[in-house]
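# Predicted model and sequence below, questions to follow.
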Amino acid sequence: LTYPATWHLNAGYTPARTRHSAHPSLVPFQAFEAKDGWFVVGCAKEKFWTRLAEAVGHPEWAEEGSPYANFSLRQQNQAELTDKLEEIFRTRTVDEWLGEFYPARIPCGPINDVPAALREEHTVARDLIVETEHPRYGTVKQVASPVRVGDERPEYRRAPLRNEHFEQVLRDVAGYDDAKVAALAADGAFGAGRPPHGHPTPEQEAAAR
């Protein structure tokens, strides 16, 4: 929100929804459709636009005298320019375009669907897919928290079954004695007819379901 927030606070600017998530002032800086999917390319500096124009086979677009030669002209002619870029980008796949843009050091990246995001190299490298064993569902795969503190590799365990940690929570954490637990049970705190003692094991709980 750096640009829109500053413009709004000082000049009353109101953001509007843009086609293909385009940047409100930088052109081109948005999502584009390729032959087999979508990707983002962003020219936040003139040098990136020069490289992009070269990569798509139109170096003259970045030259003096072109209607797209600088930030101001590209914004004025946004519709015309993006139409031309969209036509070009639809001729090749996402990987083909990124294969051109990465070596040219043009800011870009794929727009992943869910399966692609879960296969993405950074997802794999950061161990963001974890597995746990569950007595009812067997092996369960989940997405780990991306927040990491320190260098120690985190350990993961499944979510508890209902009342699995009943004794630990009430007695070790809450510090309730037998009388307190019995009184809560009598008041229905643990569900209708739930006894204060003799709670089922996780295996029994799973079997009951």
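Alright, I've got the coordinates.

# Any regions of the chain where pLDDT drops low?
Applying pLDDT under 70 to the chain flags residues 193-209.

# any idea how it splits into domains?
The chain breaks down into these domains under automatic domain parsing: 2-111, 112-159, 166-208.

# so of the ones you listed, which one's packed in deepest?
Using mean count of other Cβ atoms under 10 Å, the stretch among those with the greatest mean number of neighbours is domain 2-111 (a mean of 15). Quick note: C-beta positions are derived from backbone N, CA and C, even for glycine.

# what about that domain, how long is it end to end?
23 Å (Cα to Cα, to the nearest Å).

# and what of stretch 20-29?
By Cα to Cα, the extent of stretch 20-29 from end to end equals 10 Å.

# which residues are contacting it?
With Cβ atoms under 8 Å, 6 or more residues apart in numbering as the contact definition, stretch 20-29 has outside contacts at 3-4, 15-16, 18, 30-32, 40-44, 49, 52, 71, 74-75, 78, 81-82, 85.

# what about the strands in this protein?
Remark: strands assigned in the chain by DSSP state E are 29-33, 38-42, 108-111, 129-134, 138-143.

# partner strands of the first one, parallel or antiparallel?
Partner strands and pairing direction for strand 29-33 (DSSP bridges) are strand 38-42 (antiparallel).

# How about the shortest one?
Strands that pair with strand 108-111, judged by DSSP bridges, come out as strand 38-42 (antiparallel).

# how distant is the strand it pairs with from the center of its chain?
From the chain centre to the centre of strand 38-42 is a distance of 15 Å (Cα atoms, centre = their mean, to the nearest Å).
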